[in-house]
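Novice: Provided below are the primary sequence and the corresponding predicted coordinates.
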Amino acid sequence: MRSSKSRSRNKNRNNRPSGGNIINRVFDSSGPDGKVRGTPQQIIEKYNQLHRDAFLSGDRVDAENFAQHAEHYTRLLAEAQREVDAKREEQEEQNRQRQAERDRERQERLKAQEAAANDPANMDQPEVPDAPQEQEASGLVETPEEKPKRPRKPRAPRKPRATPSDEGNTPEAAE
């Protein structure tokens, strides 16, 4: 079982902000005039204002101190902006490469389709008219129900069956 100390250490480590997006991250700056809190741009503006105020009041030491704090955050912001720009350029280059690859694939597919369409083995064969002209004009297919029926030959009359009572009445053939 883990001790409570190790759990609390892990918890603190997970809550620590990463070095990700510094441009929008909120900082606590402990300057000579107390804490200044905000994004790097807000902190720069605040230290520049404090620098102007100290300079106008004639306190050159505080003015220089505030100017150095503002410069620190200016450098921090500039470095973060360069990283963001480099990432954006890298992503744009990757997007251009992917688009170029898709364009090449599309061109290859079109060439393959054109080659297949121009191949004589794949061309449609001309239709040979083997049906009468009437059917072609109507566009219908002849079915067995539509074929004209041949007239039936009349049946031959049935010969009467010989019954046992008729046996004596029939003339016998001469031998």
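Specialist: Done, it's in.

Novice: Low-confidence ranges, the chain, go.
Specialist: Where the chain drops to pLDDT under 70, the residues are 1-20, 120-126, 128-138, 146-147, 162-175.

Novice: could you pull out the helices for it?
Specialist: In chain order, the chain shows helices spanning 4-15, 40-57, 60-118, 133-138, with DSSP state H as the criterion.

Novice: and the longest one with helix 40-57, angle?
Specialist: For the pair helix 60-118 and helix 40-57, the angle between their directions (axes from the mean of the first three to the mean of the last three C-alpha atoms, to 10 degrees) equals 150 degrees.

Novice: what's helix 60-118 packed up against?
Specialist: With contacts defined as 3 or more C-beta pairs under 8 Å, 6 or more residues apart in numbering; DSSP states H and E, helix 60-118 has these neighbours: strand 27-31, helix 40-57. (C-beta placed from N, C-alpha, C; glycine too.)

Novice: Reformat these as TSV; add distance to Glu79 and mean neighbour count.
Specialist: Listed next are the helices and strands packed on helix 60-118 as TSV, based on distance: least, C-beta to C-beta, whole Å; neighbours: other C-beta atoms under 10 Å:
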stretch	distance to Glu79	mean neighbour count
strand 27-31	14	14
helix 40-57	10	17
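
Novice: so which of the helices of the chain comes closest to Ser29?
Specialist: Each of the helices of the chain was scored for nearness to Ser29 using C-beta to C-beta, and the closest is helix 40-57 (5.3 Å).

Novice: on that earlier part again, could you dump the helices of the chain into a markdown table with distance to Arg158 added?
Specialist: What follows is the helices of the chain, written out as a markdown table (distance: least, C-beta to C-beta, whole Å):
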| stretch | distance to Arg158 |
| --- | --- |
| helix 4-15 | 107 |
| helix 40-57 | 117 |
| helix 60-118 | 69 |
| helix 133-138 | 42 |
